[in-house]
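**Student:** A structural model of the following input is requested.
(chains A and B)
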Amino acid sequence: MKTQLEAISTQAKLAITEAQTQAEIENLRVKYLGKKGELTAILKQMGSLSPEERPVMGQLVNQAKAEVEALITEKGELMQQKALEQKLKDETIDITLPATEISKGKLHPLNTVLNDMIDIFTSMGFDVVDGPEVETDYYNFECLNVPADHPARDMQDTFYLAENLLLRTQTSAAQIRTMENRKPPIRVICPGRVFRADEVDATHSPVFHQIEGLVVDKGITMCDLKGVLEEFAREIYGKDTAVKFRPSFFPFTEPSVEVDVTCSECGGKGCRVCKGSGWIEILGAGMVHPNVLRSCGIDPEEYSGFAFGIGLDRLTTTRYKISDIRLLFENDKRFLDQF
Amino acid sequence: MKISLNTLKYYVDINVPVEELCDKMVMAGFEVESIEKEGENLQNVVVARIESIAPHENSDHLQICQMNIGKDELVQIVTGAQNIAEGDLVPAALDDSHLPNGMHIVKGKLRGVESNGMLCSGEELCLTEADYNGASVNGILILKDTEVIGTDMRDVLGLNDYIIDFKITANRPDCNCFLGVAKEISVVLGTEFKAPKPEYKTVGGDIKDYIDVQVENYDLCPRYVGRVVKNLRIKESPAWMQKAITASGMRPINNIVDITNFVMLETGQPMHAFNYNDLSDKKIIVRTAREGEKITTLDGKDYELSTDMLVIADGEKPSCLAGIMGGKESEIENDTTDLFLESAKFRRDNVRHTGRALGIRTEASGRFEKGIDIVNVEYAMERALQLISDLNAGDIIDGVLDRHNGLPEERVLKVTTDSIIELLGVEIPKERIVEILNSLELPTTIDGNMLTTRVPSIRDDIEGRADLAEEVMRIYGYDHIVGTKMKGAVVRGTKLPERIKTDKIKALLNGAGAFEIATYSFIASKAIDTLLLPEDDERRNQVKIINPLGDEYSTMRTQLTTSMLTVLATNINKKIADGRFFEISKRFIPKALPLTEQPLEIPTMSIGIYGENEDFFTLKGIIEAICNLLGGHTQYERSAEPYLHPGRQALVKANNKECAVFGQVHPAVAESYGIDCPVFVAEIKLDVLLAIEKRKTVYKPLPKFPAVERDFAVLVDKTVPVGNLEKAISSGAGRLLEKIKLFDIYEGAQIPEGKKSVAFNVFLRSADSTLTDTEIEDASSKIIKKLESIGAELRK
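**Tutor:** Just a heads-up that it's a prediction; the model follows:
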């Protein structure tokens, strides 16, 4: 009986090792461990044994059963594992097939750039304010130290809506409204749409956008102006960007400067973009003219300030290397989708 | 202002290369628009000697010349000229040469004979007698026999000059002249400035015996200086003067006219020369024009004058448009013998208005508009007389008529050096500040740190410490400005709530696949007509631009839809299959027309969509999402916008306030934009949405008990809106209602004519307990009753 048990056990182990499919394994389980299985059958023969032999034999049979059971389970799990692997292998997909598109719109590139600027300036403590696009002559010119028939009015061709009403030619008008409504210290930027009678071409548009900046406080210096613009330029053009002041003239600032930054294309070495100079002109700025402060009820002896005006459209076209400003207003979806 | 470098050297020592000079001037506030090297358009033309002349076999007028150009080999050139002889020195344009008249000469064959260039005439080299003797001869220019063979013609003609175009800012009209720029150069380079000191000979007499000058309006003419010159000797002006005038873009005419122009370019003061003998009654009257008066100007054009225009009249009639252009009648001509010379200051706005009204702009009027110095009026006259005397152009009569109503007193500014330094943030030594101001001819002394500066009238742009700071800084150098951090409390910048909300709307729309667009704020005057609005629609009350760039951009928009339709059309015409777009901008609503005050600028949004998967309801979904985002509860009513499909449009109310109209664009309107597919637009009153006070969000416990779903399918008249059925279900279900979901609408087979079948899933739930069968049955029968009450019949 012992010999028989060993024979069955050996045979079973061999069969399990050789089994290839999960079905075979299941058959083996039935064949050896099932109710009518061979090992079960041996147990049934136990009655023919002596009481002394019975526990010894019983232990042997149970041991053999446990071994076979363990092998079958192990093999079964292995087979399952294999089957899963095969299934997953069969489910392999071509990962280069196109993605399922999710619908996604974009901000207009002008506003993408504007939002960057707003982030930079709000982080420096500037509030963002708005002003009207239709301005009075007073706010657009008079208050900005450009009296009627001042030659500086020739610098910009203005759209008039009535004798005294016009489309603002600069966001500087918002400076005045801010100074009338707030007391120093003032730190604001005013982004907005401005208008000049320029014929439409690749670099001119009668509608464009500016961001006006204004700071008024005690002890504000031209060096502070440069500090703020350097901060801005480094954020926009990269941390190695240098800022250069060139003297200029605006009626509402004195001293006035044009502000250049190192050409982001060539890093200042000189290239086609900067016409070999290594510098790109990006904005006009200056110390707020005492007459302007005075007309807003701020004492220029006590307070000083600076203002700057950045052309958003130019900043946008240079950032994205857009060759024709008209593209910004054509609104072709394939254009808008690029930013 | 274009100035030749050689002209500038007459007034100031320039000891640096032209590029360096220009760089330094830029950093002192004088932008350089261009540097043009003289003779750049004259290339590869040399002095050559004609060694031999032979006739051309195939031509009776061409001749074959062997030319010595200073090299080992002779160059053969065929010419048609007859005024040449062997041994003559002539200008020879060699192969690949350029002439100032635009010609590009290359070698070729003339009637079969090789010609390696061209012999040039004075005319082809654009020369006059003043440039080179014999230049006006008809034929080849025969050069002096002292010229050296092989010399470049640019060297022969002395073309070594540069013409620099300085951009003069509006605050520095005093620099619109040679002397002004030269003065600045002397400060920038630290070299000597040499202004001419006028001296001249007179021939006696007394101007009072010749003419009387009356100024009727000192407000418009604060100063008028007149002189008389007799026995004019009119001829060409000298070459140096012609060159200076030409470099600055003016045309030489004769010595008298050239002197007036030269003095204007040199001093900035426009001059005018009258033919003395053409002045009636020997009178000069500075007055405004009389009703109906006319003038014919130097360029032969006739103008009718209005009574606000200042003229220089003789005893009878206007003889000159003050500060703008002289009259034809009193023009200086080659046979003019006597001259009345004017140097005056006219008020700049009058010159500007007259010039604009008549459409004339001249070198002189431009200068008057920018502003000229009242003191300089006299200096310019003296300088002109000096040139007349030096060039022996006429005999100067003694005496001057100088009419003015008092000259301005010199202004004195008292400013501390500290206040200048505080503004700039740069520690400039006091002595340097004084030195710079003095070098700029702003005489300055210092006592402690108090500066006393005497400001001459020519610098009336200088009003106070900011101006002095600028003068100091631009010479001291802006590279001394070093960026600093502002003092004061660290603060966080804020955005207006409207901007924050608008940004959220944009993010939502981007997430919904919509692209933001930007369009002009003004539209064509007729654009509004495309919307087929009735005559009295308030959107037709549009603000017009008085001076638009053209009708296309003439009208401030009262709505954004027309711009949106244009953008949709653009994309559709480019075969772009679908698109969602939105714009957030302003509509301009006048409070009254004609406009008396600023119009309302109201935040407005438009949305436009098209494509295979778009319909009324996709747009409705977008609008609902926006309203909900801002805390608005939406309701829809039928609307009647003429530009929308009459059966596919709706008015939207958010929290009972009208906030939008949307729908499918009327096919006729779409067609007028060239759109041939269904497009859907919304015009949204963003101001209404932004004004919604959003209720504070408070957490609602998640449901603890299960929901029950019941389906209701009803037959109802086709005309009954689904919204009404939903209302019925809602009122029937009461507070147990969780959600109604429409899942089917059907018309056609098995449905009676004029009816439709509508089916809903209705979800019921109680917050306190699991619903019992009785409760569910109770709710269902109430729902059915309500549905029946509006004519819906439950389908079995």
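**Student:** list the buried residues for the longest helix seen in chain A?
**Tutor:** The helix that spans the most residues within chain A, counting by DSSP state H, is helix A:53-90. Neighbour counts over helix A:53-90 (16 or more other CB atoms under 10 Å in any protein chain shown) mark A:57, A:60-61, A:64-65, A:68, A:71-72, A:75-76, A:79 as buried. From N, CA and C alone the C-beta is placed, and that goes for glycine too.
**Student:** pLDDT added to those, as TSV?
**Tutor:** Formatted as TSV, the buried residues of helix A:53-90 follow (pLDDT from 0 to 100):
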residue	pLDDT
A:M57	82
A:L60	84
A:V61	83
A:A64	84
A:K65	84
A:V68	86
A:L71	88
A:I72	88
A:K75	87
A:G76	87
A:M79	86
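**Student:** let me know the pLDDT of the residue of chain A most remote from its centre.
**Tutor:** Residue farthest from the centre of chain A, counting by CA atoms, centre = their mean, is A:S50 at 85.1 Å. For A:S50, the pLDDT comes out at 83.
**Student:** let me know whether B:L794 touches B:R710 as I believe.
**Tutor:** No - with contact defined as CB atoms under 8 Å, B:L794 does not reach B:R710; the gap is 11.7 Å.
**Student:** what secondary structure does A:I42 sit in?
**Tutor:** Following DSSP: H, G, I helix; E, B strand; the rest coil, A:I42 is assigned to helix.
**Student:** only alpha carbons, please: show stretch A:54-68 as CSV.
**Tutor:** Extracted in CSV, the C-alpha atoms of stretch A:54-68 (Å, rounded to 0.1, in the frame of the first residue of the first chain):
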residue,chain,number,x,y,z
ARG,A,54,-3.5,3.1,10.2
PRO,A,55,-2.2,6.4,11.8
VAL,A,56,1.2,6.0,10.1
MET,A,57,-0.3,5.3,6.8
GLY,A,58,-2.9,8.0,7.3
GLN,A,59,-0.3,10.5,7.9
LEU,A,60,1.6,9.4,4.8
VAL,A,61,-1.5,9.6,2.6
ASN,A,62,-2.4,13.1,4.0
GLN,A,63,1.1,14.2,3.5
ALA,A,64,1.1,13.0,-0.1
LYS,A,65,-2.3,14.7,-0.7
ALA,A,66,-1.1,17.9,0.8
GLU,A,67,2.0,17.8,-1.5
VAL,A,68,0.0,17.2,-4.6
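**Student:** contacts for it?
**Tutor:** Stretch A:54-68 is contacted from outside by A:1-2, A:5, A:8-9, A:12-13, A:16, A:32-33, A:39, A:42-43, A:46, A:49, using CB atoms under 8 Å, 6 or more residues apart in numbering or on different chains.
**Student:** of these, closest to chain B?
**Tutor:** Using CB to the nearest CB, A:L33 comes nearest to chain B of the contacts of stretch A:54-68, at 45.3 Å.
**Student:** just give the number of residues close to the closest residue to B:G204 other than its chain neighbours.
**Tutor:** Leaving aside its sequence neighbours, B:G204 sits nearest to B:D398 (CB to CB, 6 or more residues apart in numbering or on different chains; 5.6 Å). As a burial measure, B:D398 scores 13 neighbours (other CB atoms under 10 Å in any protein chain shown).
**Student:** what about the longest helix in chain B?
**Tutor:** Chain B, longest helix under DSSP H: helix B:773-789.
**Student:** can you give me the buried ones in that one?
**Tutor:** Residues B:779-780, B:782-784, B:786-787 are the ones in helix B:773-789 that count as buried (16+ other CB under 10 Å).
**Student:** possible to save these as TSV with pLDDT and distance to chain A?
**Tutor:** Below are the buried residues of helix B:773-789 laid out as TSV (pLDDT from 0 to 100; distance: CB to the nearest CB, whole Å):
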residue	pLDDT	distance to chain A
B:A779	93	39
B:S780	93	39
B:K782	94	41
B:I783	94	36
B:I784	93	40
B:K786	94	38
B:L787	93	37
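**Student:** now do the strands in the stretch 1-150 of chain A.
**Tutor:** A:127-128, A:134-136 (DSSP state E, counting those that start in this stretch).
**Student:** distance of B:T202 relative to B:G394?
**Tutor:** B:T202 sits 11 Å away from B:G394, going by CB to CB, to the nearest Å.
**Student:** please apply the same query to A:N181.
**Tutor:** A:N181 is 65 Å from B:G394, by CB to CB.
**Student:** do A:A99 as well
**Tutor:** Taking CB to CB, one finds A:A99 at 89 Å from B:G394.
**Student:** out of the two, which sits in the busier spot?
**Tutor:** Remark: of A:A99 and B:G394, B:G394 carries more neighbours, 25 against 5, as counted by other CB under 10 Å.
**Student:** pull the contacting residues for that one.
**Tutor:** Applying CB under 8 Å, 6+ apart, the residues contacting B:G394 are B:229-233, B:256, B:339, B:388.
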